[in-house]
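In: build the 3D model from these lines:
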Amino acid sequence: MPEWPIGTALKAVAGRDVSRGFESRPSATPSPAFPLTPKWELFRARWELCRARWELCRARWEPQRTASVPPMSRNAPIEIVAEMVANVLSVPVEVGGQAELGDTVVWLESMKMEIPVITESAGIVREVRVAAGDVVQEGAILLVLDPA
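Out: Purely as a prediction, here's the structure:
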């Protein structure tokens, strides 16, 4: 487990090593840093410390997260999924039909609101997995498009 760059972050911001509780001056004897440091400097130093910790964690986890995402093929089928739990009101498209960019392919109803599901790319409807009256969960596949 790597050590957190506490002293480094605080020194870089405030010019003082506050992690030990003393102000570091080359030619002076150590004295308490808190009475000599304005409050805003301490807040900024704490903020920089939190940011440094966050950057360290992000750098450690970022390669793992991006490495697991497979590259998308141009000919891969497009799955349109439900973004929330909802009832299916209607499906205005049929298998084999053409869906253009921005077309409404499914109407959902959730919490008394009608929500259109709109395509983000054009394609031919390969498969419709829901019908009017069905209840779908978040992430459920509504239909599959072949890219045009």
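In: the strands in this structure, which residues?
Out: For the chain, applying DSSP state E gives strands covering 22-23, 31-32, 78-81, 86-90, 98-99, 104-110, 113-118, 123-128, 135-136, 141-147.
In: right, and the ones you listed - which one's nearest Glu41?
Out: strand 22-23 (11.1 Å; C-beta to C-beta). No exception for glycine: its C-beta is placed from N, CA and C like everyone else's.
In: now Ala132: how far from Ala59?
Out: 49 Å (C-beta to C-beta, to the nearest Å).
In: then Val125?
Out: Per C-beta to C-beta, Val125 is found 43 Å from Ala59.
In: who's in contact with the closest residue to Leu108 other than its chain neighbours?
Out: Of all residues not flanking Leu108 in the chain, Ala86 sits nearest, at 3.9 Å (C-beta to C-beta, 6 or more residues apart in numbering). By C-beta atoms under 8 Å, 6 or more residues apart in numbering, the contact set of Ala86 is Leu108, Glu109, Ser110, Ile115, Val135, Val136.
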